[in-house]
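sequence first, predicted coordinates after that:
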Amino acid sequence: MNHRRLILGSLAAATVIAVALLVVAATSGLGLYAGGVVVRAPAEAPPGMVWVPGGTFRMGGHDLPERVPPDERPLHDVTLDGFWMDETEVSNAQFAEFVKATGHVTVAERTPQLEDFADQIDIDAVGEEARENFVAGSLCFNPEFDRAKLRQDFTLWPYQVWQHVRGAHWREPEGPGSSIADRMDHPVVHVAWDDAAAYCRWAGKDLPTEAEWEYAARGGLSGKAYPWGDELHPDGKWTHNIWQGEFPFEDRNQDGFSGTAAVKSFPANGYGLYDMSGNVWEWCGDWYRPDYYENSKRRNPMGPDSSFDPNEPNIPKRVQRGGSFMCSDNYCIGYRVAARMKGEPSSGAFHTGFRCVVRAAKLDEYRNAPARTQSAAETSTPR
């Protein structure tokens, strides 16, 4: 008996079986097609999430050639495995549930320590008067900015219309005395990247990568400016919550909102996702680099290893996507699906929130996350 032939024959048979299993998987809904990309959902969608099927898309800006920033180039093809994504931004009600369960205190609610900024500034040079400004709070628009002195001839000019509001945080978004009592279905704001990451750990989810976010925002469309197509307001209707008028002087509120809007106030895109344009900026998992697209991985890119923003080189930044109610035609046009923004991870703002994803490979982590194990324990505990 030729043992070598038997071994080779067994290997050949195993190979045939493996190939057959892949073919069955590709045709029976187990989630793989011939290219090995996860396309079909391997399980039912978690509550409040929708499945975004895997595939290949062209990432980057090409809808407004004369206005596309350099960091949206070059255009490049990216292939992603499918994933579930929250159909809306995380709402105040959902974030309140997380805070109740964990006791989490957001960055905006904590008094900042000067030492936390040692890698960005010379803390020995900070005077006593400036030290008194290190108080808990967050960034808000300043409607009382000095219009006579406003200059718009330098990159960081928007800082002139922002202010750090003492006591502003997710429960009191405009500062002490304000409330979210009638905004529980609005997206949570004033959350720093660290707060969003903490929520994700509790929920067994992740922040989307920048590539996942843009792919999902496109809703199955190719090369379009917005989640619904190329017209800013098709049929004369506003389909997202942004700033109408000349920023920062006048917001005409033609979309019906002067601040955040309740989630699902506007139609969903082709994947069933809401507010992928406007309402609030959304944190992504990636570090920000303007040159990242030049050497990004083409399969499931997770972002660069470090951050660099040439406008503020000493401050690390994470990617933000989607634009907000503060974005206008004459300013950032951040509501385009390809538009990139960045933020310092320990800073929140009154127009910044987030949503989450669950990747098929991490489904068990989602199922075993504290958000579900705690709920199960509470349900099974006798009253």
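Arrived safely, thanks for sending.

just for this protein, where's the confidence low?
1-35, 64, 113-133, 375-383 (pLDDT under 70).

helices along that one, start to end?
Chain-ordered helices for the chain, with DSSP state H as the definition, fall at 3-28, 92-102, 128-131, 193-203, 210-218, 363-367, 370-380.

against residue 280, how distant is the spatially closest residue to residue 268 that is not a sequence neighbour?
Leaving aside its sequence neighbours, residue 268 sits nearest to residue 274 (C-beta to C-beta, 6 or more residues apart in numbering; 5.0 Å). For every residue, glycine as well, the C-beta is placed using N, CA and C. Residue 274 sits 12 Å away from residue 280, taking C-beta to C-beta, to the nearest Å as the criterion.

more neighbours, the two?
For residue 274 versus residue 280, neighbours defined as other C-beta atoms under 10 Å are more numerous around residue 280 (31 against 22).

which residues are in contact with that one?
Contacts for residue 280 were tallied using C-beta atoms under 8 Å, 6 or more residues apart in numbering; they are 89, 187, 189, 260, 322, 324-325, 351-353.

where's it relative to residue 92, distance?
According to C-beta to C-beta, residue 280 stands 11 Å off from residue 92.

what's the overlap in contacts for those two?
Residues touching both residue 280 and residue 92 (C-beta under 8 Å, 6+ apart): residue 187.

count of neighbours near residue 317?
21.

ramachandran angles for it?
phi -130, psi 150 (degrees, to the nearest 10).

you'd agree it is up against residue 342?
Yes: judged on C-beta atoms under 8 Å, residue 317 makes contact with residue 342 at a distance of 3.7 Å.

ok so, going back, and which of the contacts of residue 280 is nearest to residue 270?
Using C-beta to C-beta, residue 322 is the member of the contacts of residue 280 that lies nearest residue 270, at 16.0 Å.

what residues are up against that closest one?
Contacts here follow C-beta under 8 Å, 6+ apart; on that basis residue 322 touches 213, 217, 275-282, 334-335.

same thing with residue 317?
Taking C-beta under 8 Å, 6+ apart, one finds 287-288, 307, 309, 342-345 in contact with residue 317.

which members of the residues you listed occur in strands, if any?
Secondary structure from DSSP state E places 287, 342-343 of those in strands.

what's the closest of those to residue 243?
Taking the ones in strands among the contacts of residue 317 together and measuring to residue 243 by C-beta to C-beta, the closest member is residue 343, at 18.3 Å.

quick one: the closest one and residue 284 touch, right?
No: contact criterion C-beta under 8 Å: residue 343 and residue 284 do not qualify, at 10.1 Å.

list the residues that contact both of those two?
318, 320.

compare those two (neighbour count), which wins?
More neighbours surround residue 284 than the other of residue 343 and residue 284, with 29 against 21 (other C-beta under 10 Å).

residue contacts, the more buried one?
Counting by C-beta under 8 Å, 6+ apart, residue 284 makes contact with 207-210, 213, 303, 318-321.
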